[in-house]
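Q: with the sequence up front, the predicted model follows.
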Amino acid sequence: MTSSPLDIPVKTADGRQTTLAEFRGRVMLVVNVASKCGLTVQYDGLEKLYEAKRDAGLVVLAFPANNFMQQEPGTEAEIVEFCTSTYDVQFPIFSKISVKGEAIHPLYRSLTAIAPDAIGEGPMRERLKGYGVEPENKMDVLWNFEKFLIARDGKVTARFAPDVTAEDGRLVSAIDRELAQRG
């Protein structure tokens, strides 16, 4: 088991090997994203949040995933093109990964183990039940646009349900609390 999610190898959308340790010293918001989801409009809010708080030390890290009703079918190049042309996304986009199930990426295995409970949990889960979608494991990422907040020191401090948007006061105050820490 890796000591920190920051040490787990990941790949950028353009194929560069790295780890989240590259962003140590900044507050990270890790989000599993998809281009063809009802929540895809969250890219707009995430980009505005990133632009507003980037100079204070926030970085949004997007991890495309095709785990939910094949809502991210594109290649990395198609995903980046969509994000930049549709939402003018400036934050880092990583290569497509799996965020649940047997093929879960080690980063998401670590994040979900460290933060099994999501803030704002409930409404989205109930809505998905109406579509016959019920995850077997409560720790699993529920849907696209679930968010994990990582402090400057690399500790995972919060997890937010997919329908908690970038404008949601619970998310914004948690980010501001972490940005205020000068560790």
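A: Looks like it came in fine. Predicted model only: the values in this text are computed from it and were never measured.
Q: nearest residue to the middle of the chain?
A: In the chain, the centroid-proximal residue (CA atoms, centre = their mean) is residue 31; its distance is 1.0 Å.
Q: just the strands in this structure please.
A: Ranges of strands in the chain, per DSSP state E, are 9-11, 17-19, 27-33, 58-64, 147-150, 156-160.
Q: let's have the ones you listed in TSV, adding mean pLDDT.
A: Formatted as TSV, the strands of the chain follow (pLDDT from 0 to 100):
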stretch	mean pLDDT
strand 9-11	98
strand 17-19	97
strand 27-33	98
strand 58-64	98
strand 147-150	98
strand 156-160	97
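Q: nearest approach to residue 121 belongs to which of those strands?
A: Comparing the strands of the chain by their distance to residue 121 (CB to CB), the top pick is strand 156-160, with 8.7 Å. C-beta coordinates here come from the backbone N, C-alpha and C atoms, glycine included.
Q: quick one: list the elements packing against that closest one.
A: helix 106-114, strand 147-150, helix 169-180 (3 or more CB pairs under 8 Å, 6 or more residues apart in numbering; DSSP states H and E).
Q: switch the cut-off to 6 Å
A: strand 147-150 (3 or more CB pairs under 6 Å, 6 or more residues apart in numbering; DSSP states H and E).
Q: low-confidence ranges, this structure, go.
A: Applying pLDDT under 70 to the chain flags the ranges 1-3, 183.
Q: rerun that using 50 as the cut-off
A: 1-2 (pLDDT under 50).
Q: pull out the buried positions in stretch 82-91.
A: 82, 83, 87, 89, 91 (16 or more other CB atoms under 10 Å).
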